[in-house]
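Novice: generate coordinates for the sequence data below:
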Amino acid sequence: MSIHPIGVAVPSARGANAPPRALDVERVRADFPILGREVHGQPLIYFDNAATTQKPQAVLDALMHYYSNDNANIHRAVHLLSEQATRAYEEARHKVCRFLGAAAPQEIIFVRGATEGINLVAHSWGRANLHAGDEIILSAMEHHSNIVPWQMLCEQTGAVLRVVPISDDGEFLLDEYEKLLSDRTRLVAVVYVSNSLGTITPVRRIIELAHARGALVLLDGAQAAPHLPMDVQELDCDFFVMSGHKVYGPTGIGVLYGKAPLLERMPPYQGGGDMIKSVTFAKTTYADLPNKFEAGTPHIAGAIGLGAALDYLESIGRERIALHEEMLLRYATEQMSELRGVRIIGNAPHKAAVISFVVDDPPMAALDIGTKLDLEGIAVRTGHHCCQPVMDRFGIPGTTRLSFALYNTTAEIDVFLDVLRGLIADADRKRTGSVSEGPFSVAYAADSFSPASDIEPVYPRAAADSPQAAAQELIEEFELFDDWVDRYQYLLERGEEIPPLPEAFRTEANRVRGCQSTVYLWARKKPGTTDVIEFLADSDAELVRGLIALLERLFSGQRAEDILAFDVEGFFARLGLDQHLTLGRRNGLAAMVQRIRHFAATLTDRKE
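Specialist: Model prediction:
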């Protein structure tokens, strides 16, 4: 064995002193058809690999071959197609077994992904083994999928969650972990590699300490499997989960590894076909491993595609991939550390190929950074990354995240850095400028921005006779633009026209929850009226400010009944926002609308 620079033991296939050959990245890139496409007229630079990886031609070919030549249900027929499909499916299980270093293929359970694998353990092992007062230990950097199932289980069983804190650098604090371990600890469920910070946790020591207390350990390996050589027997973890789409395989397929004695004692997770030996109305006996946990028709093509993906990774060499990605991480970290105003979130000494960052000076919302990078063909992830407790730990709403893969290059990182420098420079220029005027502008007295000012801010007046009339005007304006890039720029310009919200209104009571950026909204009944609503709002994200401008034009100065009667979802669909805003952004927009509608309902005695 040799020690990888990021602290992971890996096998040395070419001798103890012989370094692996450098990765031929251009040859690797040629294996991924999607990398040849353009996005918004620019060559695609894909830095969103922690969310999902792109697929090599070998995986695409395997899927097409199955559907074109072998498509049949497995385990349930004697005809040739079924035999071929069954053979390919079970061969994929053997490939996963070798990839993870499991003792036997029976320990490999195919599931939809890491999330379902965790839920399977929580429902099957957890319900059968946990009781009131038992404890489950998680870390503060867990993905929601390794938090919520255990919370649900604790609610059902009376068990208690304990959380290991992390340092300011995003390190797992082993000393604090040791303090939490007790005779009540039944399970430790921790991430191997953090998807939001890139931290590699000290899993060997975590497992040793847990086992010394008689507790089991589940590793969330969704981010570890693509980047680090793996041997679950050497790690001695009890459960391990991974997702196929994170290791260049199809979506909708994943793996739960469990030690055979544990899996054998666990009751089935779901009932149905293929997980039984016999069924009568009096009694059902269950199949042996692994079938006991694979009820119904599985994702046959997904398993076969996953097998092809693992073959592809093995053909390149996992140590070579790990070294290449570590080089990318080191290069990007060094370059970004020199950028003024950029702060990397998560600086643990042992990291995988993930960089999360914020721009503090000038302040830039992650949403705006990600959207503007996309316009340059650069795909990144923004928001809380399904790790809200991590964002709370660092006191931020979200980050922009780069995540690298075997096909990324330093040249791509250089392009990203150039674009980011330009975005920061543009934001600096805007910060020194003044609020522009346009059709959305509202008049604020200059000193009304002070919390201590006695001058009442001027609220946006009604833009039309009704929300429907205002909506029609907006639809006609949007139809002037041919594509999302132009509409996006239009929204940014409208957002620039709304003045900053006075500090007196930036209170927790006015904070709109459900938005991945910071949003404040204050609504009031217009003085001298019984049911006319006026409101002010603001956000740290330019795009959200543009959406606020739309809402002001729709609703501010309108009667409560008209607001409640307006089909806002249909309106956003007409504008195409439902196609171009992520679910998280749509949820944030919906939260703002709900706040306005709730206030309107209070003026009409209607429930909303």
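Novice: where exactly do the strands run in the stretch 301-450 of the chain?
Specialist: Here the stretch 301-450 of the chain has its strands, by DSSP state E, counting those that start in this stretch, at 342-345, 354-359, 378-379, 381-383, 399-403.
Novice: now for those, which one comes closest to Arg595?
Specialist: Taking CB to CB as the criterion, Arg595 comes closest to strand 381-383 out of these, the separation being 20.1 Å. From N, CA and C alone the C-beta is placed, and that goes for glycine too.
Novice: dihedrals phi and psi, the closest residue to Gln42 other than its chain neighbours?
Specialist: With CB to CB, 6 or more residues apart in numbering as the criterion, Gln42 has its nearest non-adjacent residue at 2.9 Å, and that residue is Gly377. When quoted as degrees, to the nearest 10, the phi and psi of Gly377 stand at phi 80, psi 10.
Novice: residue contacts, the residue nearest the centre of the chain?
Specialist: Within the chain, the residue whose C-alpha comes closest to the C-alpha centroid is His385; the distance, by CA atoms, centre = their mean, is 3.8 Å. Counting by CB atoms under 8 Å, 6 or more residues apart in numbering, His385 makes contact with 50, 143, 195-196, 356, 398-399, 401.
Novice: pLDDT and distance to Ile166 added to these, as a markdown table?
Specialist: Formatted as a markdown table, the entries for these read as follows, by pLDDT from 0 to 100; distance: CB to CB, whole Å:
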| residue | pLDDT | distance to Ile166 |
| --- | --- | --- |
| Ala50 | 98 | 18 |
| His143 | 98 | 14 |
| Asn195 | 97 | 14 |
| Ser196 | 98 | 11 |
| Ser356 | 98 | 13 |
| Gly398 | 93 | 17 |
| Thr399 | 96 | 15 |
| Arg401 | 98 | 17 |
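Novice: so which of those residues is the closest to Glu319?
Specialist: Taking these together and measuring to Glu319 by CB to CB, the closest member is Ala50, at 20.6 Å.
Novice: burial measure for the closest residue to the closest one other than its chain neighbours, as a count.
Specialist: Ranked by CB to CB, 6+ apart and with sequence neighbours excluded, the top spatial neighbour of Ala50 is Ser403, at 3.5 Å. Residues near Ser403, counting by other CB atoms under 10 Å, number 28.
Novice: can you check Ala591 too?
Specialist: The criterion is other CB under 10 Å. On that basis, Ala591 has 15 neighbouring residues.
Novice: thought it was touching Gln516?
Specialist: No - under the criterion of CB atoms under 8 Å, Ala591 is not in contact with Gln516, lying 10.2 Å apart.
Novice: ok, the nearest residue to Ile355 once chain neighbours are set aside to Ile345 distance?
Specialist: Once its chain neighbours are removed from consideration, Ile355 has its nearest residue in Leu402; the separation is 4.6 Å (CB to CB, 6+ apart). With the distance defined as CB to CB, to the nearest Å, Leu402 ends up 12 Å from Ile345.
Novice: overlap in contacts of these two?
Specialist: Where contact means CB under 8 Å, 6+ apart, the residues bridging Leu402 and Ile345 through contact with each are 356-357.
Novice: what's near enough to touch the residue nearest to Ala50?
Specialist: Taking CB under 8 Å, 6+ apart, one finds 47-51, 198, 353-355, 381 in contact with Ser403.
Novice: same list (those) but as CSV, adding distance to Pro290 and neighbour count.
Specialist: Output for those, formatted as CSV (distance: CB to CB, whole Å; neighbours: other CB atoms under 10 Å):
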residue, distance to Pro290, neighbour count
Phe47, 36, 26
Asp48, 32, 19
Asn49, 29, 26
Ala50, 28, 27
Ala51, 28, 16
Gly198, 32, 31
Ala353, 31, 29
Val354, 31, 26
Ile355, 37, 25
Arg381, 33, 23
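Novice: confirm Ser124 sits in a helix?
Specialist: Yes - per DSSP: H, G, I helix; E, B strand; the rest coil, Ser124 lies within a helix segment.
Novice: ok, back up a step: would you point to the one among the strands of the stretch 301-450 of the chain that's packed deepest?
Specialist: Scoring the strands of the stretch 301-450 of the chain by mean neighbour count under mean count of other CB atoms under 10 Å gives strand 399-403 as the most buried, with a mean of 28.
Novice: what is the nearest of the contacts of His385 to Leu313?
Specialist: If you rank those by distance to Leu313 using CB to CB, Ala50 comes first, at 16.5 Å.
Novice: tell me the contacts of the closest one?
Specialist: With CB under 8 Å, 6+ apart as the criterion, the residues that contact Ala50 are 195, 223, 246, 354, 381, 385, 401, 403.
Novice: looking at those residues, which is nearest Asn73?
Specialist: Nearest to Asn73, judged by CB to CB, of these is Lys246 at 27.1 Å.
Novice: what residues are up against the closest one?
Specialist: With CB under 8 Å, 6+ apart as the criterion, the residues that contact Lys246 are 49-50, 52-53, 114, 222-223, 225-226.
Novice: least trustworthy helix or strand in this structure by mean pLDDT?
Specialist: One helix or strand of the chain scores below all others by mean pLDDT, DSSP states H and E: strand 2-3, with a mean of 32.
Novice: run a quick neighbour tally on Glu116.
Specialist: The burial count for Glu116: 20, using other CB under 10 Å.
Novice: sorry, back to before: can I get the strands of the stretch 301-450 of the chain in JSON lines including distance to Val241?
Specialist: As requested, those are arranged in JSON lines below (distance: least, CB to CB, whole Å):
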{"stretch": "strand 342-345", "distance to Val241": "25"}
{"stretch": "strand 354-359", "distance to Val241": "18"}
{"stretch": "strand 378-379", "distance to Val241": "25"}
{"stretch": "strand 381-383", "distance to Val241": "21"}
{"stretch": "strand 399-403", "distance to Val241": "19"}
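Novice: lowest average confidence across those strands, which one?
Specialist: Of all the strands of the stretch 301-450 of the chain, the segment with the smallest mean pLDDT is strand 381-383, scoring a mean of 93.
Novice: give the pairing partners of it; include direction for each.
Specialist: The partner list of strand 381-383 in its sheet, established with DSSP bridges, is strand 399-403 (antiparallel).
Novice: tabulate the contacts of Ala50 in TSV, adding columns for distance to Gly317.
Specialist: Supplementary listing: these in TSV, determined by distance: CB to CB, whole Å:
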residue	distance to Gly317
Asn195	24
Gln223	20
Lys246	18
Val354	21
Arg381	27
His385	29
Arg401	26
Ser403	21
